[in-house]
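Visitor: Provided below for reference: sequence and predicted model.
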Amino acid sequence: MMKDLIEAYIIEVGRQLPSQGREDVQKEIRSLLEDALEDRSRESGQAVDDAMKVAVLKEFGAPDQVAANYGAVNYLVGPKLYPAFLQVAKIVLPIIAVLALIGMGIRLGQLGQPGYAAGGLVKMLEIGWEAILGLGTSVIQVFGTLALIFAILERTLPRVEQKDEKTWDPHTLEKVEGPDQVGFGEPVFEIVIGLLLLAFLNLYARYLGAGYNAEGGWVLGFADQNGWVMLPALTEQFFRFVPLMNVAILAEIGLNLVLLRKRAWTPATRWLNIGIHVLRIGIVVAMLVGPSLLALDAQMLIDSGGFTAETVEVVMNLLSQMLRWVLIVVIILSGVEIAKTVWRLLRK
């Protein structure tokens, strides 16, 4: 049985609208379409059929054009990319907040230790205020970077996706929920995550670490080199894997660009997806069985006077276990993706 084109049309328009007011807009569109079909049926003396629905939908226009009519025309991130932008922000920004809280917790834990400034309510408030300012700065920088990336995509990808209103075919809505059909948001989301990973691995990873100064102050993350003794977080062993990780990330970005053009999975793209995940598993397994990837030296942390031996042991064990479990989760997720892709290939 042919999928109801009217409902598919309304769903597709709604997917490209902000959640606030979406239901009201969908109700309005449904009412307009029903009225148009009723008028056409009465004028022609025929019952409503799929041919009549197709004609009415063509007059209304493509879903993205209708959605644009219900939103701002001049936008930085448009309705097609906004869901992916929101999804990336919801993942990246909480991570920044968690890292800021961890850094603040470590600084608060150092109060009163030998070689560190005496504690007290004033010092605690000072540390908290500095953490809030640092978090605000990081959030603004990351949010601005995401907005820039999506603004660039907004002005390039729509040229591939945009269809002429006269040639738009409502029958394409029948494929929206097909197993091989590719939506717009997921590939864009993976492209942005890939670009962020490439930027981190190749521009910032070497500067990630812990730093302390002569006054006993400590900072985690990307410390100012002036007046700070920096302890890198990652070993050279980690950076030997960066070229291979770049290949895997670039291959995945390329795959998602192809999916954005074709809007459907093919056997070739599924096999490419399997190859990318196999490469990713190989890289991660090599990381797990090889030498340590953490470069932080426990003895140097103790000698700096900012940490006790017990604190260093807890912190080092926590970081090692976190890194290990992150790598294990990557293997599990890639394995699941390979199994799902193989199953879909076998079914076809």
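Guide: Arrived safely, thanks for sending.
Visitor: From now on I want contacts and neighbour counts done on CA atoms only, so please keep to that.
Guide: Fine.
Visitor: hang on, residue 206 packs against residue 238?
Guide: No. Using CA atoms under 8 Å, residue 206 is not in contact with residue 238; the gap is 10.0 Å.
Visitor: quick one: residue 292 is in a helix?
Guide: No. Applying DSSP: H, G, I helix; E, B strand; the rest coil, one finds residue 292 to be coil, outside a helix.
Visitor: what about it, neighbour count?
Guide: Neighbour count for residue 292, taken as other CA atoms under 10 Å: 14.
Visitor: quick one, what contacts it?
Guide: Contact analysis of residue 292 by CA atoms under 8 Å, 6 or more residues apart in numbering lists 235, 237.
Visitor: Likewise for residue 295?
Guide: Residues near residue 295 by CA under 8 Å, 6+ apart: 231, 232, 233, 234, 235.
Visitor: switch to 7 Å and redo it
Guide: 232, 233, 234, 235 (CA atoms under 7 Å, 6 or more residues apart in numbering).
Visitor: Check residue 280 too.
Guide: residue 248.
Visitor: Please identify the helix or strand for it.
Guide: Using DSSP states H and E, residue 280 sits within helix 267-289.
Visitor: Buried residues, that helix. List them.
Guide: Judged by neighbour count (16 or more other CA atoms under 10 Å), helix 267-289 contains these buried residues: 270, 273-281, 283-284, 287.
Visitor: can you list those in a markdown table and add pLDDT?
Guide: Formatted as a markdown table, the buried residues of helix 267-289 follow (pLDDT from 0 to 100):
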| residue | pLDDT |
| --- | --- |
| 270 | 92 |
| 273 | 93 |
| 274 | 94 |
| 275 | 94 |
| 276 | 94 |
| 277 | 95 |
| 278 | 96 |
| 279 | 94 |
| 280 | 94 |
| 281 | 96 |
| 283 | 95 |
| 284 | 94 |
| 287 | 93 |
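Visitor: For residue 34, state which of the residues you listed is nearest.
Guide: residue 270 (40.1 Å; CA to CA).
Visitor: correct me, but that closest one touches residue 339?
Guide: No. Residue 270 is not in contact with residue 339 according to CA atoms under 7 Å; the separation is 11.3 Å.
Visitor: show me what contacts residue 54?
Guide: residue 170.
Visitor: did I read that right, it in a helix?
Guide: Yes. Read with three-state DSSP, residue 54 is one of the residues of a helix.
Visitor: what's the spacing between residue 248 and residue 275?
Guide: Distance from residue 248 to residue 275, counting by CA to CA, to the nearest Å: 9 Å.
Visitor: go on, residue 35?
Guide: 51 Å.
Visitor: Ok, residue 13 next?
Guide: 35 Å.
Visitor: again, but for residue 36
Guide: Relative to residue 275, and taking CA to CA, residue 36 is found at 50 Å.
Visitor: got it, and residue 240?
Guide: Taken as CA to CA, the span from residue 240 to residue 275 is 21 Å.
Visitor: Please apply the same query to residue 261.
Guide: Distance, residue 261 to residue 275, by CA to CA: 20 Å.
Visitor: One more: residue 33?
Guide: Residue 33 is 46 Å from residue 275, by CA to CA.
Visitor: before we move on, what about residue 51?
Guide: Distance from residue 51 to residue 275, by CA to CA: 43 Å.
Visitor: For the protein, which segments count as helices?
Guide: 5-15, 22-44, 50-60, 63-69, 82-110, 121-154, 157-161, 185-199, 236-240, 242-262, 267-289, 298-303, 309-347 (DSSP state H).
Visitor: between these, which gets nearest to residue 170?
Guide: That would be helix 50-60 among the helices of the chain, by CA to CA, at 5.9 Å.
Visitor: list the contacts for residue 198?
Guide: Under the criterion of CA under 7 Å, 6+ apart, the contact list for residue 198 reads residue 246.
Visitor: Distance check, it against residue 93.
Guide: 18 Å.
Visitor: what's the answer for residue 29, then?
Guide: From residue 29 to residue 93 the distance is 35 Å (CA to CA).
Visitor: more crowded one of the two?
Guide: Set residue 29 next to residue 93 and count neighbours by other CA under 10 Å: residue 29 wins out with 19 against 16.
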